[in-house]
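In: How does the following fold in three dimensions:
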Amino acid sequence: MNQVLEWLPLLIFFAVFKLYGIYYGTGALMVATVALMLAHRARTGKFKPMHAVTAAVAMALGTATLLLHDKRFIQWKPTVLFGIAALAFLGSSWAGGRPLARRMLEGVFNEELEVGSRAWLLLNALWAAWFALLAGLNIYVARTFSDALWVDFKVFGLTIAMMLFLLPQIFWLHGKIKPVAAAQDP
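Out: Numbers count the residues shown, from 1 in each chain. Okay, here's the model as predicted:
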């Protein structure tokens, strides 16, 4: 259920864009991101930082899109969010004790992982580079292709790309699960 809620703003944007165009889609995205942030707060009692950042970026760029009637602002939203993510991953290599990739990926497993700090730093750098690549790719597609193709790329292309980037890491990390010591019989 949580995953459905996480994807809801993107799906709402996609559906409204297909029915009414970029400007109505932008307005729907703005409402949906704020609604997601508030729904999470109502359920858990706290704001999720990524929801707050996404809502802030969507509101700022969405407002500029609607007031100036210029779709380029909303097209920059994924690029801005990916850029923020790249900087967060990069910065976490030096601040915060553990790289962001480690904090994020260790949470996927219930078991302890046998991965050295150097490997975590390398994985973290890969995530930073990946998000920087996606940021640039989004702007390239937005400027080069039609609005409809950009929306399809944003909804499906970027989602599939993220899964293809993440799955090999999950499989690799699964092989790094620390074996549980067998209990000694008396």
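In: any idea which helix or strand carries residue 79?
Out: helix 77-92 (DSSP states H and E).
In: Give me the helices and strands touching that helix, please.
Out: Counting contacts by 3 or more CB pairs under 8 Å, 6 or more residues apart in numbering; DSSP states H and E, helix 77-92 packs against helix 49-68, helix 100-106, helix 117-144. For glycine as for every other residue, the C-beta is placed from the backbone atoms N, C-alpha and C.
In: Compute the number of surrounding residues for residue 105.
Out: Neighbours of residue 105 under the rule other CB atoms under 10 Å: 21.
In: again, but for residue 117
Out: When neighbours are counted by other CB under 10 Å, residue 117 registers 10.
In: Which of the residues in the helix holding residue 79 are classified as buried?
Out: With burial defined by 16 or more other CB atoms under 10 Å, the residues of helix 77-92 counted as buried are 77-86, 88-90, 92.
In: returning to what we had before: could you tell me the least trusted of the helices and strands packed on helix 77-92?
Out: Sorting the helices and strands packed on helix 77-92 by mean pLDDT places helix 100-106 lowest, at a mean of 92.
In: how about it: buried residues?
Out: 100, 101, 102, 104, 105, 106.
In: and those residues as a markdown table, adding distance to residue 132?
Out: Conversion of those to a markdown table gives the following (distance: CB to CB, whole Å):
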| residue | distance to residue 132 |
| --- | --- |
| 100 | 14 |
| 101 | 14 |
| 102 | 19 |
| 104 | 17 |
| 105 | 19 |
| 106 | 23 |
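In: Report how many residues lie close to residue 133.
Out: Using other CB under 10 Å, residue 133 has 14 neighbouring residues.
In: End to end on stretch 110-126, go ahead and measure it.
Out: Using CA to CA, to the nearest Å, the end-to-end distance of stretch 110-126 comes out at 23 Å.
In: Show me what it is in contact with.
Out: Residues from elsewhere that reach stretch 110-126, judged by CB atoms under 8 Å, 6 or more residues apart in numbering: 89-90, 92-93, 98-102, 105-106, 169, 173, 176-178, 180.
In: Tell me who's in contact with residue 93.
Out: By CB under 8 Å, 6+ apart, the contact set of residue 93 is 99, 121, 124, 125, 128.
In: quick one: which of those is nearest residue 12?
Out: Of all the contacts of residue 93, residue 12 sits closest to residue 128, with 29.4 Å by CB to CB.
In: Perfect, I'm done here.
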